[in-house]
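Colleague: My questions are about this predicted structure, shown below with the sequence.
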Amino acid sequence: MESKGIENGVGRNGLAKIQTQDNGVEVCHDDSATPVKATTIDELHSLQKKKSTPNTPLYNKDAQGNNAFANNVSEVQRQKQQLQSISASLASLTRETGPKLVKGDPASKHETSKVAHHHVHHVTPTISVSDSALKFTHVLYNLSPAELYEQAIKYEKGSFITSTGALATLSGAKTGRSPKDKRVVKDETTEDELWWGKGSPNIEMDEETFMVNRERAVDYLNSLDKVFVNDQFLNWDPEHRIKVRIISARAYHSLFMHNMCIRPTPEELEDFGTPDFTIYNAGRFPCNRYTHYMTSSTSIDLNLARREMVILGTQYAGEMKKGLFSVMHYLMPKRQILSLHSGCNMGKGGDVALFFGLSGTGKTTLSTDHNRYLIGDDEHCWSENGVSNIEGGCYAKCIDLSGEKEPDIWNAIKFGTVLENVVFDEHTREVDYMDKSVTENTRAAYPIEYIPNAKIPCVGPHPKNVILLACDAFGVLPPVSKLSLAQTMYHFISGYTALVAGTEDGIKEPQATFSACFGAAFIMLHPTKYAAMLAEKMQKHGATGWLVNTGWSGGSYGSGNRIKLAYTRRIIDAIHSGSLLEANYKKTEVFGLEIPTEIEGVPSEILDPVNTWPDKKAHEETLLKLGGLFKKNFEGFVNYKIGEDSNLTEEILAAGPIF
Ligand SMILES: Nc1ncnc2c1ncn2[C@@H]1O[C@H](COP(=O)(O)OP(=O)(O)O)[C@@H](O)[C@H]1O
Ligand SMILES: C=C(OP(=O)(O)O)C(=O)O
Ligand SMILES: [Ca+2]
Ligand SMILES: [Mn+2]
């Protein structure tokens, strides 16, 4: 019937027929493999998934990796305890019972009905109980990135896979933190312990109001079909590890925290027990303006006594990461450990550098260095044991990101990475990193091991260099200065950087920002407490302080240019290698900074800013102006003693600009 070859076979439509094989058999088979052992499509689907979850216990497996039958009871018991713990976290404090919790996705009926049988947290409803007690809330516990991708793409608008495999998400109306809406409960203890008043990030609220907001968040979360729960760790120093639980409404938030916190191994998760700190993230659900203290629809509330944080009315994920950082800024100093808003890396020879700086000054960019081991990009602890990263991931800005300039960050944007608020081609899903349509603050959150030279575990010895980064948009701070200990403290307490005017009406010149300890938004104690600890540690371990201007040169913002990243990298290289310690120095006017006359790979004339300004008078005026702003800011600190030694306090006061 069929003819051989194309040349003489003509189909009904007049086109040549393609014959695959000439074996004389009339019936055409698709393939020769044995058919699958399934009689229905459902059966076929069930073959696809092997039983395993991130929280599957390992203990109960036999040598072949099968779940040993004898231990199944303890596994059921353990799962029950885990669900009871989550149930306790989600319990309403104003009603007798909350919703019943079930593990698993409500959409996958087969799985959950099975699980539900074992894992419903039983409460016997009585007639007096509210309807919410009769409801089921599904708990999606420590899901994997793949599972979270599926959840986000199915249920959260604005979630897409980009051409490199990252998960593009939208954070909603808020694309940055809301520091004015961050409140801390003032009680008998925190009243004395914390920094309150002018300059402090701690805006007070009372316990009662906290409980109102907590209940609001808990009720919202319980009203959902499902919530995401992450149980993870903070701090790579095993002695000072903190267990955190994050309860959130979005897969985006769960994946973000999966990346940013330290991910427990299955064994660690098995022994997790009760968290040390819990975040209730109600995301889009606002606070109620009739509630005392509420001044907007957003409220981020910290209760140190209860070890809880409540987030209402913002979906910006950085709020969780930086909220936990505040908690560490309280807990760690209690243990004589200094918490640092800094990046950190280590050379092949074990030399550690810290990179302090406010947002946008270069912590993430400069600590991610192909020639060095990355310990972390943003939050660290310095204890008697050395340094340790608080987090398990990095949070890089991606505006104008390029593969040529920042290959390691570029390559980290792959499957598993959360990309916030970026714009991409609707067809190819290629991200346009130049596009600021949604926000200038586009971000990538990825696990630290996505950086090839990550140092795992993320700990290192005592720092040798302490680098203070300032993005000086006035263009008068030198690209690099070597600091005395007193100068290091002066600049650490000042925490200077400048914001550029951008495109807003009216603002024509850069705005100086002073943020104590290069992170006033996150510290909980008075800045001088952290400064005293830093001075003590730097002295004890012989660390050198440096001030690096990653901002403007040749004039202020508008007339000069931002210092080339390549030059800043050469400067940082010279600090790491020790060669900059050996350079010749001269002292600058006004700020009295020691500046090197030569650095390999950097044009010598840029090392003294005055050389780069065509208008010398304008330079002088700008320098004095900035000096004045420093002086004025420091007035708030002149009455504080730093450390045991009043000599150091006096030296610090004298280490500022003189004119
Ligand atoms: N000379 C420079 N040094 C450091 N960063 C620079 C420099 N010039 C431009 N940049 C850009 O500034 C931004 C610094 O941001 P980032 O490293 O995320 O800061 P941080 O982590 O301190 O918030 C990056 O986008 C980086 O590419
Ligand atoms: C996430 C933040 O940190 P950074 O900009 O320092 O990376 C932030 O300040 O919100
Ligand atoms: Ca920051
Ligand atoms: Mn950063």
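Modeller: Done, it's in. Please read these numbers as outputs of a predicted model, since none were measured by experiment. Numbers count the residues shown, from 1 in each chain. Ligands and ions are numbered 1, 2, ... in the order given.
Colleague: Quick check: residues of the stretch 351-500 of the chain near ligand 1?
Modeller: Applying C-beta under 6 Å from any ligand atom, we find that the stretch 351-500 of the chain lies next to ligand 1 at 357, 359, 360, 361, 362, 363, 364, 365, 366, 396, 397. Using the backbone N, CA and C atoms, a C-beta is placed for each residue, glycine as well.
Colleague: CSV please, covering those residues and showing secondary structure.
Modeller: Listed next are those as CSV, based on DSSP: H, G, I helix; E, B strand; the rest coil:
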residue, secondary structure
357, coil
359, coil
360, coil
361, coil
362, coil
363, helix
364, helix
365, helix
366, helix
396, strand
397, strand
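Colleague: Beyond the lowest-mean-pLDDT helix or strand in the chain, next helix or strand please.
Modeller: When the helices and strands of the chain are scored by mean pLDDT, DSSP states H and E, helix 109-119 comes last with a mean of 44. Using DSSP states H and E, the next helix or strand after helix 109-119 towards the C-terminus is strand 136-141.
Colleague: Give the other helices and strands that that following strand contacts.
Modeller: Strand 136-141 sits against helix 72-90, strand 100-103, strand 226-234, with contacts defined as 3 or more C-beta pairs under 8 Å, 6 or more residues apart in numbering; DSSP states H and E.
Colleague: what's the last one packed up against?
Modeller: Looking back up the chat, that one is strand 226-234. When contacts are defined as 3+ C-beta pairs under 8 Å, 6+ apart, strand 226-234 sits against helix 72-90, strand 136-141, strand 242-248, helix 251-260.
Colleague: Let's see that with 6 Å instead.
Modeller: When contacts are defined as 3 or more C-beta pairs under 6 Å, 6 or more residues apart in numbering; DSSP states H and E, strand 226-234 packs onto strand 136-141, strand 242-248, helix 251-260.
Colleague: Pull the residues that contact stretch 254-261.
Modeller: Applying C-beta atoms under 6 Å, 6 or more residues apart in numbering, the contact partners of stretch 254-261 are 148, 228, 230, 232, 246, 248, 317, 321, 391-393, 418, 445-447.
Colleague: ok, back up a step: could I get the helices and strands packed on strand 226-234 in CSV, plus columns for mean pLDDT?
Modeller: Shown next, in CSV, are the helices and strands packed on strand 226-234 (pLDDT from 0 to 100):
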stretch, mean pLDDT
strand 136-141, 94
strand 242-248, 98
helix 251-260, 98
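Colleague: Save those as TSV, and put in distance to ligand 4 and mean neighbour count too.
Modeller: Listed next are the helices and strands packed on strand 226-234 as TSV, based on distance: least, C-beta to the ion, whole Å; neighbours: other C-beta atoms under 10 Å:
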stretch	distance to ligand 4	mean neighbour count
strand 136-141	29	20
strand 242-248	20	22
helix 251-260	11	28
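Colleague: For ligand 1, what is the nearest residue in the stretch 201-350 of the chain?
Modeller: For the stretch 201-350 of the chain, the residue closest to ligand 1 is residue 343, as judged by C-beta to the nearest ligand atom, at 6.6 Å.
Colleague: And for residue 186, nearest residue in space, chain neighbours not counted?
Modeller: Distances taken as C-beta to C-beta, 6 or more residues apart in numbering put residue 204 closest to residue 186, at 4.1 Å, once the chain neighbours are dropped.
Colleague: Which positions in the chain make contact with ligand 1?
Modeller: 357, 359-366, 396-397, 550, 562-563, 565, 568.
Colleague: buried subset of those?
Modeller: Neighbour-count burial (16 or more other C-beta atoms under 10 Å) is assigned, among the residues of the chain next to ligand 1, to 357, 359-366, 396-397, 550, 562-563, 568.
Colleague: Considering only these, which also neighbour ligand 2?
Modeller: Among those, the residues within reach of ligand 2 (C-beta under 6 Å from any ligand atom) are 359, 363, 364.
Colleague: So which of those residues is the closest to residue 541?
Modeller: residue 363 (20.7 Å; C-beta to C-beta).
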